[in-house]
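K.L.:
Quick one: sequence and predicted model below, then my questions.
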Amino acid sequence: MSTDSLHTQTLAELKAGLENRDFSAVELAEALLARIDAHDATLNALLTVTAEQALDAARQADDRIANGEARALEGLPIVHKDIFCTRGVRTTCGSRMLDGFVSPYDATVVSRLADAGTIMLGKANMDEFAMGSSNETSYYGPVHNPWNPACSPGGSSGGSAAAVAGRLAPAATGTDTGGSIRQPAALTNTVGLKPTYGRVSRYGMIAFASSLDQAGVITRSVEDAALLLGGMAGFDERDSTSIDHPVPDYFSALEEDLSGLRVGVVRQHFDAGLEEHTGAAVREALDLLKTKGAELVDVDLPNIDLSVPTYYVVAPAECSSNLSRFDGVRFGHRADDAEDLLDLYCKSRGEGFGAEVKRRILTGTYVLSAGYYDAYYLKAQQVRALIAEDFREAFANVDVIAGPTTPTPAFELGAKTDDPITMYLNDIYTIGANLAGLPALSVPCGFVGGLPVGLHLVGGHFAEQTLLNVAYSYQRDTDWHHRCPEAYA
Ligand code: GLN
């Protein structure tokens with residue numbers, strides 16, 4: 001069989017092809033490494049390509065397949081967001097601070113997926129320390145959207161999303177603190193799943209805002225999201241917030257029937273901020289769910305309008321604490337002309353961090369300071385509890401909440417870089433799920449002016465299977481997710 005079209009296949013198709021010996025894991029890895037060679041100069045989706053390591057792993061995968069010892073994801077190539085520590089491989093988190101950092105250990109997500117048989121092709125570009133919605137805060141330059149290179153692919157997992165949309169890899173890992181998996185998925189016509197907080201281990205995932213950060217997946221189909229989530233989810237004693245809850249076989253349990261499903265629609269999600277055609281695409285998707293047997297129910301999330309301001313107190317507060325470890329002494333960049341210890345801290349951090357990260361650290365330090373703690377941080381935590389309670393009440397009456405993932409399709413690179421508040425509003429529909437620790441998924445639901453948009457589904461805690469089933473059912477009746485940017489077919 002020709003290997004020219006392997007990049008067009010999904011994980012599930014590649015898995016079948018490998019099992020069937022239509023091609024080898026080495027041929028597959030070579031085909032995708034060639035794609036990366038040909039296209040990544042334009043996309044800038046990858047910061048490190050681990051070609052030799054990938055080919056070694058692929059040879060071992062072929063041996064296992066030959067010996068009948070194939071594991072669940074044997075020989076399937078993926079890329080990891082560069083926020084995950086990878087042993088012996090540069091791990092930058094998109095920052096100058098960690099430019100030369102080679103991790104001495106693997107994140108649990110990385111080791112679990114490797115133990116399941118996946119093959120790492122490389123590390124994906126991202127906003128610096130995952131702070132951003134456009135990939136423009138990366139020290140290594142922006143990622144370009146395969147649907148239009150003048151546009152952003154979203155962020156912070158923009159490299160992961162662009163790599164999958166551009167067919168450089170069939171799937172990628174990502175992380176989501178306020179929308180960083182789902183927003184780039186929506187803007188690149190890919191599927192993005194952020195699991196329940198605690199579902200996937202955060203061990204070895206460089207921390208941004210620990211009470212919000214969660215690892216997940218970006219794929220081209222819902223089946224693939226189910227496959228990959230199964231390979232990474234589960235309890236990890238090395239993460240104190242990991243939850244010991246059984247991991248279902250998401251893939252085998254995929255189910256198309258939506259009869260009786262109650263889908264909540266939130267009024268505020270269709271307010272003035274939503275671009276008209278994006279809203280129309282989402283409404284059409286909701287109508288399709290209805291014709292498939294779902295019931296649409298109006299739900300109220302009275303405090304959801306406060307989610308963005310709440311997030312921009314909580315997340316910076318936690319980041320200011322997490323990033324204090326980068327002091328020029330123990331990790332990362334060290335200024336070489338420091339006069340004393342204080343000067344070393346100041347210069348190393350001043351040189352190592354970019355503008356957005358500094359803005360967050362300053363905000364976070366301010367809201368946690370003695371004089372302002374009660375007014376800002378404590379208040380934000382109280383509002384966060386109200387938002388979580390709103391969701392809890394809503395899920396007493398509905399199975400999922402559905403709406404737009406983003407207010408608009410992809411925007412041009414540079415369009416929002418001078419205005420952080422406008423940039424922050426990208427996550428207006430996604431942040432609530434992080435504040436409440438809920439699982440959420442974005443699935444392609446149409447195009448506006450040639451650019452993709454996504455349908456956002458939020459579920460109750462541990463309702464990943466419900467989200468996957470709704471999206472799976474939707475994909476069975478639509479072909480948005482099969483569309484590929486012309487230059488990357
Ligand atoms: N865009 C949001 C931020 O900049 C969310 C980022 C994320 O989910 N990592 O904080």
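P.N.:
Perfect, I can see it now. Residues are numbered from 1 along each chain as shown.
K.L.:
Quick one: the strands in the stretch 1-150 of the chain, in order.
P.N.:
46-49, 77-81, 119-124 (DSSP state E, counting those that start in this stretch).
K.L.:
So for the ligand, which of those sits nearest?
P.N.:
strand 77-81 (9.9 Å; Cβ to the nearest ligand atom). Quick note: C-beta positions are derived from backbone N, CA and C, even for glycine.
K.L.:
can I have the closest one written out in CSV, keeping just the CAs?
P.N.:
Extracted in CSV, the C-alpha atoms of strand 77-81 (Å, rounded to 0.1, in the frame of the first residue of the first chain):
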residue,chain,number,x,y,z
PRO,A,77,1.9,8.9,16.4
ILE,A,78,1.0,12.0,18.4
VAL,A,79,2.5,15.3,19.4
HIS,A,80,2.7,16.6,23.0
LYS,A,81,2.1,20.2,24.0
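K.L.:
Pull out the buried positions in it.
P.N.:
Pro77, Ile78, Val79, His80, Lys81 (16 or more other Cβ atoms under 10 Å).
K.L.:
do the same with stretch 256-274
P.N.:
Buried-residue list, stretch 256-274, by 16+ other Cβ under 10 Å: Leu258, Leu261, Val263, Gly264, Val265, Val266, Gln268, His269, Leu274.
K.L.:
For it, give the mean pLDDT please.
P.N.:
Taken as a whole, stretch 256-274 carries a mean pLDDT of 94.
K.L.:
next one: stretch 306-317
P.N.:
pLDDT averaged over stretch 306-317 gives 98.
K.L.:
list the buried ones in that stretch?
P.N.:
So for stretch 306-317, counting by 16+ other Cβ under 10 Å, buried means Leu306, Ser307, Val308, Thr310, Tyr311, Tyr312, Val313, Val314, Ala315, Pro316, Ala317.
K.L.:
before we move on, back to that, can I get the buried residues of stretch 256-274 in CSV with secondary structure?
P.N.:
Listed next are the buried residues of stretch 256-274 as CSV, based on DSSP: H, G, I helix; E, B strand; the rest coil:
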residue, secondary structure
Leu258, coil
Leu261, coil
Val263, strand
Gly264, strand
Val265, strand
Val266, strand
Gln268, helix
His269, helix
Leu274, coil
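K.L.:
roughly how far apart are Pro184 and the ligand?
P.N.:
9 Å (Cβ to the nearest ligand atom, to the nearest Å).
K.L.:
I'd say that residue and Thr175 touch.
P.N.:
No - applying Cβ atoms under 8 Å as the test, Pro184 and Thr175 come out as separate, 11.1 Å apart.
K.L.:
These two: which is more packed in?
P.N.:
More crowded of Pro184 and Thr175, by other Cβ atoms under 10 Å: Pro184, with 40 against 27.
K.L.:
how about the more buried one, what does it touch?
P.N.:
Contact analysis of Pro184 by Cβ atoms under 8 Å, 6 or more residues apart in numbering lists 135, 153-158, 160-162, 174, 190, 192, 218.
K.L.:
closest to the ligand among these?
P.N.:
Of all the contacts of Pro184, the ligand sits closest to Ser156, with 4.3 Å by Cβ to the nearest ligand atom.
K.L.:
Look up how far Leu43 lies from the closest one.
P.N.:
Per Cβ to Cβ, to the nearest Å, Ser156 is found 16 Å from Leu43.
K.L.:
Please say which of those two ends up with more neighbours.
P.N.:
Ser156 (35 against 24).
K.L.:
Any stretches of the stretch 1-150 of the chain with poor pLDDT?
P.N.:
Within the stretch 1-150 of the chain, the stretches with pLDDT under 70 are 1.
K.L.:
Then the stretch 301-450 of the chain?
P.N.:
Using pLDDT under 70, nothing in the stretch 301-450 of the chain is flagged.
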